[in-house]
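Student: Got a predicted structure here, sequence first:
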Amino acid sequence: MAKEPRARFPAPAADFNNPHHTSLTIRKSRFETYGCRCRSGKEARAFVEIIRRHNPDADHNCWAYVAGLPGSTIDIGSSDDGEPSGTAGKPILDALLFSDTGQICMVVSRWFGGIKLGTGGLSRAYRECALLNLESMPKIENIIWIRWNLRLPYSLYERGAKFLSEIDVKILNSNFGDSVNMELAVPEDRLDLFQRIVGSLGNGKLRPVRLDPAQKEHKESGNV
């Protein structure tokens, strides 16, 4: 059975300017790991370049990203950056895919310490670096918001606004004319409840209109 789409999920709180950083030394090789939020492959690759410039003397800057929902393979990528094939990017990517965290990019920079780790040792080292960073990474709750327009008569405005706030619907804008025209942001996992409340409020006569129905906006809780 297919999984239901997730409207709320953890995402990194860190951004490009202040990535989450952890360090690990394994058999004299130094590993520096950087994780941050990314919403697309383009953003992830831009972050990788930032870390490359930050660590120009690193022997390898290996990376992976999951730009969509946790565990989703729709928009992912990884690179071994010169390490033996499959020993760096894939272990990082596997850690991200099974982390229950979405919209995440991670770069692991390695400085060779003179002792070869072997392919198995490299895979374990890069996975351990990714897990260490994930374990301590601050996260936010990401909410998928969908915008709607709702027109209410003045007699229903106060009661309607109260009911909407109780189900986490945000009123983005209200225009007061012959009636109150409201632009709303509705959490995707509250859509059914939103439509039931609106239907009950207007005895089936109110008709909310979805704005840009093909577009879903992914933003953190509290910011629309």
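Tutor: Yep, that arrived.
Student: Could you list the domains of this structure?
Tutor: 8-137, 143-220 (automatic domain parsing).
Student: Which strand or helix spans N173?
Tutor: strand 170-176 (DSSP states H and E).
Student: Now for E83: which residues touch it?
Tutor: E83 sits next to 60, 62, 110, 122, 126 when contact means CB atoms under 8 Å, 6 or more residues apart in numbering. The way it works is simple: take the backbone N, C-alpha and C, and place the C-beta from them, glycine included.
Student: hey, which strand is longest across this protein?
Tutor: strand 139-152 (DSSP state E).
Student: D178: neighbouring residues, count only.
Tutor: Neighbours of D178 under the rule other CB atoms under 10 Å: 8.
Student: Under the pLDDT cut-off, which ranges of this structure? List them.
Tutor: Scanning the chain with the threshold set as pLDDT under 70 gives 1-6, 212-224.
Student: re the thing from before, next structured bit after the longest strand of the chain?
Tutor: helix 154-166.
Student: circling back to that earlier point, buried residues in the strand holding N173, which are they?
Tutor: K170 (16 or more other CB atoms under 10 Å).
Student: who does it pair up with?
Tutor: Here strand 170-176 has these sheet partners by DSSP bridges: strand 180-187 (antiparallel).
Student: Would you mark the buried spots in the strand it pairs with?
Tutor: 180, 182, 184-187.
Student: Over to stretch 146-165?
Tutor: 146-148, 150-152, 156, 160-161, 163-164.
Student: May I ask which two of those residues are separated the most?
Tutor: I146 and L156 (21.8 Å; CB to CB).
Student: quick one: contacts for L211?
Tutor: L211 neighbours (CB under 8 Å, 6+ apart): 147-149, 183.
Student: And I50, by the same measure?
Tutor: F16.
Student: and D189, backbone torsions?
Tutor: phi -80, psi 10 (degrees, to the nearest 10).
Student: quick one, what contacts it?
Tutor: So D189 contacts 7-8, 144 (CB under 8 Å, 6+ apart).
Student: That one and R8, how far apart?
Tutor: 6 Å (CB to CB, to the nearest Å).
Student: same thing with L201?
Tutor: 25 Å.
Student: between the two, who's got more neighbours?
Tutor: Neighbour tally, L201 and R8, criterion other CB under 10 Å: the higher count belongs to L201, 17 against 12.
Student: I143 versus the residue located most distally from the centre of the chain, what's the distance?
Tutor: For the chain, the largest distance from the centre (CA atoms, centre = their mean) belongs to D178, which lies 40.6 Å off. According to CB to CB, D178 and I143 sit 33 Å apart.
Student: next one: F47
Tutor: 23 Å.
Student: cool, and Y126?
Tutor: For Y126, the distance to I143 - CB to CB - is 32 Å.
Student: of the two, who's got more company?
Tutor: Y126 (31 against 23).
Student: That one and A88 touch, don't they?
Tutor: Yes - shown here, Y126 and A88 form a contact pair, counting by CB atoms under 8 Å, at 4.7 Å.
Student: Overlap in contacts, the two.
Tutor: 62, 108.
Student: Alright, I will stop here.
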